[in-house]
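1. just need the structure, nothing else, for what follows:
(4 chains)
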Number of protein chains: 2
Amino acid sequence: MSQPDVKRLARVFRALGNENRLQIFLNLMEESRLDLAKGRVHDCFLAKLLGGLEVGAPTVSHHVKELADAGLIDTEREGKQLICSINPEAMTALRALFAVEA
Amino acid sequence: MSQPDVKRLARVFRALGNENRLQIFLNLMEESRLDLAKGRVHDCFLAKLLGGLEVGAPTVSHHVKELADAGLIDTEREGKQLICSINPEAMTALRALFAVEA
DNA sequence: TCTATGGTTCGAGAAATGTCGAAGTAAAAA
DNA sequence: TTTTTACTTCGACATTTCTCGAACCATAGA
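-> Below is the predicted model:
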C-alpha cells in the first residue's frame, strides 16, 4: 500500500475515531439499511443526525464536514437542508481491507 | 448499537487513525497473510515493525500498546522480544461491521 | 560478571482535536 | 418584507495526542 494511500486511510479512521462522529456514521448506516429494505433511496437531515447526540449544531456541522472530507459520506444541499448519505465506494473499500484473511 | 460498544469501536478507529500506527497494523496484516500462505504461525518483533517508520523506539512501543489496548493486536513476551500478531476476533468484528449492505 | 540488545517508563513540549457561543447566511414561511 | 429555520463560519479555550530524549529494566551473550 502506497504512502498517500496510508495517509488517506488514516484520515478515514481518524474520522471514525470520535464517538460522536462514529455515532453519526452508524446512524446513517442504519438509516441506509432501513431505506434499502423499503426500496427507497436514503437521505437524512443534519438536524435528524443531531438527535441523541449531546453536542450543539455547530459541532455536528463540523463533524459532518470531517466525515465528508474523509470520503465516508456524501452531502448534497437541498434548499435549506443538507442531505447526507453513506458513500458506497468507501464502504466497499473498507470491506475489501478487512476481507483479507488474517 | 449500545453506548459502550460505540465507545469501544471509536477507540479501535482512533488507534488506526494515526499514520504510523496504521502502518504498523498494515505491516502486521501483510506479515500475517504471507505467513498464512506458507502455513506458518505469524509472529513479528517490534524492531521489525519499526523498519521504515520515521519514529523512535519509545514511540513504536507506545503505538503497539495502543493497538493492543484497542484489541486490534495481541502481544506476547518471548525473552527479550515482544511478539505481535493481529487479533483475529477484531478482524472478524470489523468485517461484520462493514459487511452490512449500505 | 560485564556488556549489549530489545523494550519500557517518564516527563515534557508542540501540535492537533473537540466543543462552544456569538454572529452570519440563505432559503422558506408568514 | 419580516421572521423563522437550518445550517455555517469564526475565534477561542480546554483537552488530547504525538513524539522525543533520558533514564531504566530484564534477558542474552561474551
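2. tell me which helix or strand comes right after the helix ranked longest in chain A.
-> Criterion DSSP state H: the longest helix present in chain A is helix A:19-37. The helix or strand immediately downstream of helix A:19-37 is helix A:46-50, counting by DSSP states H and E.
3. and that following helix, is it in reach of chain B?
-> No: applying CB under 8 Å from any CB of the partner chain, one finds helix A:46-50 out of contact with chain B, separated by at least 14.3 Å. (C-beta placed from N, C-alpha, C; glycine too.)
4. ok now that helix, how far from the chain's centre?
-> On the basis of CA atoms, centre = their mean, to the nearest Å, helix A:46-50 sits 13 Å off its chain's mean C-alpha point.
5. elements contacting the longest helix of chain A?
-> Counting contacts by 3 or more CB pairs under 8 Å, 6 or more residues apart in numbering or on different chains; DSSP states H and E, helix A:19-37 packs against helix A:3-16, helix A:46-50, helix A:57-69, strand A:81-86, helix B:3-16.
6. compute the inter-axis angle for the fourth one and helix A:19-37.
-> Put plainly, it is strand A:81-86. Counting by axes from the mean of the first three to the mean of the last three CA atoms, to 10 degrees, strand A:81-86 points 80 degrees away from the direction of helix A:19-37.
7. can you tell if stretch A:71-79 touches DNA strand C?
-> Yes: using CB under 7 Å from any atom of the strand, we find that stretch A:71-79 touches DNA strand C at A:Gly79.
8. what distance separates that stretch from the middle of the whole chain?
-> Taking CA atoms, centre = their mean, the mean C-alpha location of stretch A:71-79 is offset from the chain mean by 10 Å.
9. quick one: contacts of the worst-scoring helix or strand of chain A on mean pLDDT?
-> Sorting the helices and strands of chain A by mean pLDDT, DSSP states H and E puts helix A:46-50 at the bottom, at a mean of 80. Residues outside helix A:46-50 that contact it (CB atoms under 8 Å, 6 or more residues apart in numbering or on different chains): A:24, A:27-28, A:57, A:60-61, A:64, A:81-82, A:84.
10. mind redoing it with 7 Å?
-> A:24, A:27, A:57, A:60-61, A:64, A:82, A:84 (CB atoms under 7 Å, 6 or more residues apart in numbering or on different chains).
11. in PyMOL, how would I select the buried members of those residues?
-> In PyMOL, this line selects whichever of these come out buried by 16 or more other CB atoms under 10 Å in any protein chain shown:
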select buried, chain A and resi 24+27+60+64+82+84
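12. near chain B, which residues of chain A are found?
-> A:1, A:6-7, A:9-10, A:13-14, A:16-19, A:22-23, A:26, A:29, A:32-33, A:36, A:86, A:88, A:91, A:94-95, A:98-102 (CB under 7 Å from any CB of the partner chain).
13. if anything else comes up later, I'll come back, but that's it for now.
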